[in-house]
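Colleague: Pasted the sequence and its predicted model underneath.
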Amino acid sequence: MSHKHVIGVLGGTGFYDIEGFTKVESRRIETPYGEASDEFIITETDDARVVFLPRHGKGHRFTPTDINYRANIYGMKVLGVDWLISVSAVGSLREHLKPGHIAIADQFFDRTKGIRKCTFFGNGVVGHAMFADPVSPALSDMIHEAATGIDGVTVHKGGTYVCMEGPQFSTRAESHFYRSIGADLIGMTNLTEAKLAREAGIHYASMCLVTDYDCWRSGEDDVDVADILAVMRQNVANAKAIVKATVQSIVQRNATPKELPVMIVTAPDAMNPETVEHLRPIMGKYLP
């Protein structure tokens, strides 16, 4: 059965399914970039197909650096995903963004170390994608609207997300520096996903579950993993309800994503044929 709307969800532990979505199958997708974090869990509801993937693998096996981001996004694309909702834990760099709140980031600041593979280009094919506005305004708006309709949810629209390498949390000096440049949130995964989703032509939005105040706030205990996990568990039910309402909104509005073009600059006769074939399933219309 084909579906007009295919929505992907990248999440962590607890985001394997949502009540009311009927599981169809679990699939491992072969990619030119290796294995994805786990099986893609494919579900159906109304006129939509919803594809779930735990970014860290079931049981949280992969560090933010070790996640195979290219395989994850590639798999979403070949499964037909047009809209991709990221659900992730973040630290807050602002007083008003309190643990338990939800923020929808709209900008990113890169503090990764260049270790991750964050582009599909290279190896004989060079391309570029516009990234001034790294998330989908339309999808972000639908997530925000869905969140405001759920009792007990405090949601904030917009904010700059610092993407650090991890897996260590910030030093106090770093935390204060990020605040000084106007950043609002800090996490370890979303920027890399957003870059690859843009190259693959997938509309991406970042739903951030605030779990802590990082380490900048005087009088506040430093980041504690046990506390983060406790807040995260409390937020999972709300996050699932928001995702479900967002999917319903996409279907009801018959929302159609706009094209996100890439510019390939390598001359056709200079392209590596193997790389071209790797790229064809995710951006074939731009290739010779």
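Modeller: Looks like it came in fine.
Colleague: going forward, measure contacts between C-alpha atoms and count neighbours the same way
Modeller: Noted.
Colleague: For Gly182, list the residues it contacts.
Modeller: For Gly182, the contacting residues are Thr160, by C-alpha atoms under 8 Å, 6 or more residues apart in numbering.
Colleague: That one and Ala132, how far apart?
Modeller: 17 Å (C-alpha to C-alpha, to the nearest Å).
Colleague: Check Ser86 too.
Modeller: Following C-alpha to C-alpha, the distance that separates Ser86 from Ala132 is 19 Å.
Colleague: Also Ala267?
Modeller: Distance from Ala267 to Ala132, by C-alpha to C-alpha: 26 Å.
Colleague: Who has more neighbours out of the two?
Modeller: Ala267 (11 against 8; other C-alpha atoms under 10 Å).
Colleague: can you give me how far stretch 108-127 is from the chain middle?
Modeller: Mean-position distance between stretch 108-127 and its chain equals 16 Å (C-alpha atoms, centre = their mean, to the nearest Å).
Colleague: Please spell out which residues along it are buried.
Modeller: For stretch 108-127, burial by neighbour count (16 or more other C-alpha atoms under 10 Å) applies to Phe108, Phe109, Thr112, Arg116, Lys117, Cys118, Thr119, Phe120, Phe121, Val125.
Colleague: so what does the worst-scoring helix or strand of the chain on mean pLDDT touch, helix or strand wise?
Modeller: Taking mean pLDDT, DSSP states H and E as the measure, the helix or strand of the chain with the lowest value is helix 225-253, at a mean of 86. Packing partners of helix 225-253 (3 or more C-alpha pairs under 8 Å, 6 or more residues apart in numbering; DSSP states H and E): strand 5-11, strand 83-92, helix 137-148, strand 203-212.
Colleague: what's the offset of the helix or strand following that helix from the middle of its chain?
Modeller: Downstream of helix 225-253, the first helix or strand assigned by DSSP states H and E is strand 262-264. Its chain's C-alpha centre and that of strand 262-264 lie 22 Å apart, by C-alpha atoms, centre = their mean.
Colleague: Let me see the mean pLDDT of strand 262-264.
Modeller: What strand 262-264 shows for mean pLDDT is 97.
Colleague: and the helix or strand just after that strand, what does it pack onto?
Modeller: As assigned by DSSP H and E, the chain's next helix or strand after strand 262-264 is helix 273-283. Using 3+ C-alpha pairs under 8 Å, 6+ apart as the contact test, the elements touching helix 273-283 are helix 69-78.
Colleague: Check what contacts the helix it packs on and list those residues.
Modeller: Here helix 69-78 has contacts from 8, 29-37, 40, 51, 53, 55, 117-120, 192-193, 196-197, 200, 202, 281-282, using C-alpha under 8 Å, 6+ apart.
Colleague: which of those residues count as buried?
Modeller: Buried among those by 16+ other C-alpha under 10 Å: 8, 29, 31, 35-37, 40, 51, 53, 55, 117-120, 192-193, 196-197, 200, 202, 282.
Colleague: out of these, which are inside helices?
Modeller: Thr192, Glu193, Leu196, Ala197, Ile282 (DSSP state H).
Colleague: which ones are touching the closest residue to the third one other than its chain neighbours?
Modeller: Which is Leu196. Nearest-residue entry for Leu196: Thr119, 5.8 Å, with adjacent residues in sequence omitted and distances by C-alpha to C-alpha, 6 or more residues apart in numbering. Going by C-alpha under 8 Å, 6+ apart, Thr119 touches Arg70, Lys195, Leu196, Glu199.
Colleague: pLDDT at Thr119, what is it?
Modeller: For Thr119, pLDDT reads 98.
Colleague: any idea how far it lies from Ala71?
Modeller: Applying C-alpha to C-alpha to Thr119 and Ala71 gives a distance of 11 Å.
Colleague: between the least confident helix or strand of the chain and helix 137-148, how big is the angle?
Modeller: 110 degrees (axes from the mean of the first three to the mean of the last three C-alpha atoms, to 10 degrees).
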